[in-house]
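# Turn this into a structure:
(2 chains)
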Protein chains: 2
Amino acid sequence: MADTVLFEFLHTEMVAELWAHDPDPGPGVSAGLRGEEAGATKGQKMSLSVLEGMGFRVGQALGERLPRETLAFREELDVLKFLCKDLWVAVFQKQMDSLRTNHQGTYVLQDNSFPLLLPMASGLQYLEEAPKFLAFTCGLLRGALYTLGIESVVTASVAALPVCKFQVVIPKS
Amino acid sequence: MADTVLFEFLHTEMVAELWAHDPDPGPGVSAGLRGEEAGATKGQKMSLSVLEGMGFRVGQALGERLPRETLAFREELDVLKFLCKDLWVAVFQKQMDSLRTNHQGTYVLQDNSFPLLLPMASGLQYLEEAPKFLAFTCGLLRGALYTLGIESVVTASVAALPVCKFQVVIPKS
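Predicted coordinates for the structure are as follows:
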């Protein structure tokens, strides 16, 4: 019964804990969450970065446990589709609602009811609270992609809760 | 596929993150983890306390989602049996291996292959690393008991990895 909600409870506690401490940032705070942290203090940016890093490592570890056959696809778009279906179901018990691309390495993954935002009231009221609930998942996507051989920059944006867009940019090598 | 391991990955990252920071303890650090933190620095005790607190709140939240009929049992021993079976399966996909009691409010719950210790080599080599992987779960048990109307003190001890004993002491009111 509880295993499906366990991750969400733990994630909530983790965010609350990291946010409460609001640690002084050391030098060299990494970004990775551009565009969604306007107005955040330095300590909050550090917390976002820490959450993103945790997500990255969990995403890497999940990526390593993916079924072998999934490692066969070589088309970038196939990899993104895989994340939207299999990874999302594994983590959130639902599929991503839409996937769009400009065919130039930029992908927009939209979840119309992102589970980690659902506990908050819908609409605009708590919009500024959203970034801290997205950082881990940005890292998760980046980590899973990394294990699948793709380096990327993942950011998230919310126009109105609980709709969330993840933007994956894959630089051309 | 991944949802069963997701909690374990996230737990591992959380422990690593809190341990890395080793924050200066403020005044009034709570205990709750007596007997397993010999030799820990003040900062490490603080981290254990933070982990225990996170576990407590997750345990409370899980407790609130338990099926209604489980709230009917009034015997202390029934509640403990419930934790050993249903709660443990929900979180760790296995039952606790044994439950003993002195019938005076002290219960010893033994897990012969505690999942959060399994990634470490068996035996004595990494014994001193064990407490940080137990604090969250001590809190989880205490939180679930609290929701079921029982205040308790939960500690954990390890004689040889991955065997773990959780001791639940319920003060007589």
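# quick one: low-confidence parts of chain A?
A:1-4, A:21-40, A:67-73 (pLDDT under 70).
# mind redoing it with 50?
Low-confidence segments of chain A, defined by pLDDT under 50: A:1-2, A:24-38.
# how about the strands of it, start to end?
A:98-101, A:106-111, A:153-157, A:164-169 (DSSP state E).
# Run the chain-centre distance for the second one.
Read it as strand A:106-111. 11 Å (Cα atoms, centre = their mean, to the nearest Å).
# just the third one next, same as before
Relative to the mean C-alpha coordinate of its chain, strand A:153-157 is positioned 7 Å out (Cα atoms, centre = their mean).
# So which other helices or strands are in contact with that strand?
helix A:135-147, strand A:164-169 (3 or more Cβ pairs under 8 Å, 6 or more residues apart in numbering or on different chains; DSSP states H and E). Where C-beta positions appear, they are placed from N, C-alpha and C, glycine not excepted.
# Name the residues of stretch A:147-157 that are buried.
If you call a residue buried by 16 or more other Cβ atoms under 10 Å in any protein chain shown, then stretch A:147-157 has these buried ones: A:147, A:148, A:152, A:153, A:154, A:155, A:156.
# Equivalent analysis for stretch A:152-172, please.
Those would be A:152-156, A:158, A:161-168, A:170, for stretch A:152-172 by 16+ other Cβ under 10 Å.
# Tell me which two in the residues you listed are the farthest apart.
The largest distance within these, taken as Cβ to Cβ, falls between A:161 and A:170 and amounts to 27.6 Å.
# rewinding a little: for residue A:140, state which of the buried residues of stretch A:147-157 is nearest.
residue A:154 (8.7 Å).
# now check stretch A:43-55, is it near chain B?
Yes - Stretch A:43-55 reaches chain B (Cβ under 8 Å from any Cβ of the partner chain) through A:50, A:54.
# so how far is that stretch off the chain centroid?
12 Å.
# can you put the helices and strands packed on strand A:153-157 in TSV and add distance to residue B:127?
Converted to TSV, the helices and strands packed on strand A:153-157 look like this (distance: least, Cβ to Cβ, whole Å):
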stretch	distance to residue B:127
helix A:135-147	31
strand A:164-169	42
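# Which one of those lies nearest to chain B?
With Cβ to the nearest Cβ as the measure, helix A:135-147 is the member of the helices and strands packed on strand A:153-157 nearest chain B (8.5 Å).
# Hey, what's the angle from the closest one to strand A:164-169? Just curious.
Between helix A:135-147 and strand A:164-169, the angle comes out at 30 degrees (axes from the mean of the first three to the mean of the last three Cα atoms, to 10 degrees).
# Please put the alpha-carbon coordinates of helix A:135-147 into PDB.
Taking Å, rounded to 0.1, in the frame of the first residue of the first chain, the C-alpha atoms of helix A:135-147 are listed here in PDB:
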ATOM      1  CA  ALA A 135      15.000  20.400  -8.600                       C
ATOM      2  CA  PHE A 136      15.300  16.700  -7.700                       C
ATOM      3  CA  THR A 137      13.300  15.700 -10.700                       C
ATOM      4  CA  CYS A 138      15.400  17.800 -13.100                       C
ATOM      5  CA  GLY A 139      18.400  16.000 -11.700                       C
ATOM      6  CA  LEU A 140      16.600  12.700 -12.100                       C
ATOM      7  CA  LEU A 141      16.100  13.300 -15.800                       C
ATOM      8  CA  ARG A 142      19.600  14.500 -16.300                       C
ATOM      9  CA  GLY A 143      21.000  11.500 -14.500                       C
ATOM     10  CA  ALA A 144      19.000   8.900 -16.400                       C
ATOM     11  CA  LEU A 145      20.000  10.600 -19.700                       C
ATOM     12  CA  TYR A 146      23.600  10.600 -18.600                       C
ATOM     13  CA  THR A 147      23.500   6.800 -18.000                       C
END
